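S.K.: Please work out how this folds:
(one chain, ligands or ions: 1)
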Amino acid sequence: MSKRVSLTQYLVEQQREHGKIPSQLRLLIEVVARACKRIAISVNKGALGDVMGSASTENVQGEIQKKLDIISNEVLIEANEWGGHLAAMASEEMDTIHVVPHRYPQGEFLLLFDPLDGSSNIDVNVSIGTIFSVLRKVDNQRGVSEEDFLQAGSQQAAAGYCVYGPQTTLVLTVGDGVAMFTLDRETGSWVLTAEHVQIPADTKEFAINMSNMRHWAPPVTRYIEECLAGRTGVRGKDFNMRWIASMVADVHRILSRGGVFLYPWDQREPDKPGKLRLMYEANPMAFLIEQAGGMATNGHSRILDLQPGKLHERVSVILGSKNEVERVTAYHQEVAAKPA
Ligand code: P6P
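M.R.: Down below sits the predicted model:
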């Protein structure tokens, strides 16, 4: 068996050889990884623990929270607030930021997370996950505020997710490629199982919620109809479709074998740019996808270039195999270029 590399060894070597991971960031990533192990324990309890079903409370998005949403959020807050590496945290499950209490030292980093993405899948035993994004607090003399979080995704120092599936796998980038670590339950350690992950530029697999088809904008309808036409149409090849309704699981498949994921704007809620959140879903996933050679846009612009105006703002997401994302984006730009 080839020598196993632990997450700690990987991070220490990255810090020593590539200088990409200051010690505070290494500590942050290890704390988040430990919190994900704790969340995995709760997730894996299922009906044997008091973790299933709704908590009969709503989050800032107006969505009914699952018990595991709240448990996962609390695990991440408690694990990260005392270490001295963070100034504050933001979560899909919290209206506003959680500033590190004064009894603890404040660090230079800001941590954002969707503590349990895909929670509609919890009760039916389908893969779910935790998504996280790390920003640096701009050095200023005032205390930390929500404004400090409103940075473009290109400013991320690190990003990743943990998918709680048949394997529990942590996927991470610090801007030097994408690495994957699988949890060895016997030893409780994260073991490096893939690095320098690369997404094929072409694919035959698309992921979209087809039930929304009648609400899509024309560029999306055109792209999907061409995929459905298969080898009889302009694409000249047949496509397959997947939709897990857990972004973490769909993105993990794309990082593992290619594909294109679309959650576009649609007419159901025309005032919203999309369903997914920019700061703690689209940005971290876009960082990972680009680091693996893929592409991520909102149909018009690179997601990592978008300047956020609000902490919980939503965005349209098209990400994955570069040539497919380029095609979908080109279709959007063709429509936008047409005279009104
Ligand atoms: P729909 C989960 O709720 C989520 O935020 C993403 O993980 C997932 O891709 C999407 O929403 C699923 O949305 O409308 O298909 O249920």
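S.K.: Counting neighbours, what do you get for residue 58?
M.R.: Number of residues near residue 58 (other CB atoms under 10 Å) recorded here: 11. Yep, even glycine has a C-beta here, placed from its N, CA and C like the rest.
S.K.: The nearest residue to it once chain neighbours are set aside: neighbour count?
M.R.: In this structure, residue 58 finds its nearest non-sequential neighbour in residue 64, 6.0 Å apart by CB to CB, 6 or more residues apart in numbering. Residue 64: 14 surrounding residues under other CB under 10 Å.
S.K.: List the residues that contact the nearest residue to residue 294 once chain neighbours are set aside.
M.R.: Leaving out its chain neighbours, the residue that sits closest to residue 294 by CB to CB, 6+ apart is residue 199, at 4.2 Å. Residues in contact with residue 199 (CB atoms under 8 Å, 6 or more residues apart in numbering) are 254-255, 258, 289, 292-294, 320-322.
S.K.: if you set the cut-off to 7 Å instead, what comes out?
M.R.: Applying CB atoms under 7 Å, 6 or more residues apart in numbering, we find residue 199 in contact with 254-255, 258, 289, 292-294, 320-321.
S.K.: Can you tell me which of the residues you listed is nearest the ligand?
M.R.: Closest approach to the ligand among the contacts of residue 199 (CB to the nearest ligand atom): residue 254, at 11.8 Å.
S.K.: Just list the residues touching the closest one, thanks.
M.R.: Contacts of residue 254 by CB under 7 Å, 6+ apart are 199, 261, 320.
S.K.: A strand includes the second one, no?
M.R.: Yes: Residue 261 sits within a strand when classified using DSSP: H, G, I helix; E, B strand; the rest coil.
S.K.: Now the phi/psi pair for the residue lying closest to it once chain neighbours are set aside, please.
M.R.: Distance criterion CB to CB, 6+ apart; nearest residue to residue 261, sequence neighbours excluded, is residue 207 at 4.5 Å. Residue 207 adopts backbone torsions of phi -130, psi 120, taken as degrees, to the nearest 10.
S.K.: mind starting the numbering at 48 from now?
M.R.: Right, with 48 as the first residue, what we last looked at is residue 254.
S.K.: Give the buried residues for the helix ranked longest in the chain.
M.R.: Using DSSP state H to define each element, the chain has its longest helix at helix 70-92. Neighbour-count burial for helix 70-92, counted by 16 or more other CB atoms under 10 Å, picks out 71-84, 86-87, 89-90.
S.K.: ok, and which of those residues reach the ligand?
M.R.: Applying CB under 6 Å from any ligand atom to those, one finds that nothing falls near the ligand.
S.K.: Show me which residues of the stretch 198-347 of the chain are close to the ligand?
M.R.: Counting by CB under 6 Å from any ligand atom, the stretch 198-347 of the chain sits next to the ligand at 256, 292-294, 310, 322-323.
S.K.: so which of those residues is the most crowded?
M.R.: residue 294 (25 neighbours).
S.K.: contacting residues for it?
M.R.: When contacts are taken as CB under 7 Å, 6+ apart, residue 294 is in contact with 164-165, 323, 328, 332.
S.K.: and the end-to-end length of stretch 241-260?
M.R.: Stretch 241-260 stretches 36 Å from its first residue to its last (CA to CA, to the nearest Å).
S.K.: Ok, stretch 313-326 next?
M.R.: Start-to-end span of stretch 313-326 (CA to CA) is 20 Å.
S.K.: could you pull out the helices for the stretch 98-247 of the chain?
M.R.: 114-127 (DSSP state H, counting those that start in this stretch).
S.K.: Tell me where the model's unsure across it.
M.R.: Applying pLDDT under 70 to the stretch 98-247 of the chain flags no residue at all.
S.K.: can you give me the strands for it?
M.R.: With DSSP state E, counting those that start in this stretch as the criterion, the stretch 98-247 of the chain has strands at 101-105, 111-113, 133-138, 145-146, 156-164, 175-183, 205-211, 215-220, 225-231, 236-241.
S.K.: Could you dump the ones you listed into TSV with distance to residue 261 added?
M.R.: Below are those laid out as TSV (distance: least, CB to CB, whole Å):
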stretch	distance to residue 261
strand 101-105	28
strand 111-113	26
strand 133-138	33
strand 145-146	40
strand 156-164	26
strand 175-183	28
strand 205-211	31
strand 215-220	34
strand 225-231	36
strand 236-241	39
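S.K.: Tell me which of those strands approaches residue 260 most closely.
M.R.: strand 156-164 (23.6 Å; CB to CB).
S.K.: and the closest one with the ligand, contact?
M.R.: Yes: counting by CB under 6 Å from any ligand atom, the ligand has neighbours in strand 156-164: residue 164.
S.K.: That strand packs against which elements?
M.R.: When contacts are defined as 3 or more CB pairs under 7 Å, 6 or more residues apart in numbering; DSSP states H and E, strand 156-164 packs onto helix 70-92, helix 114-127, strand 133-138, strand 175-183.
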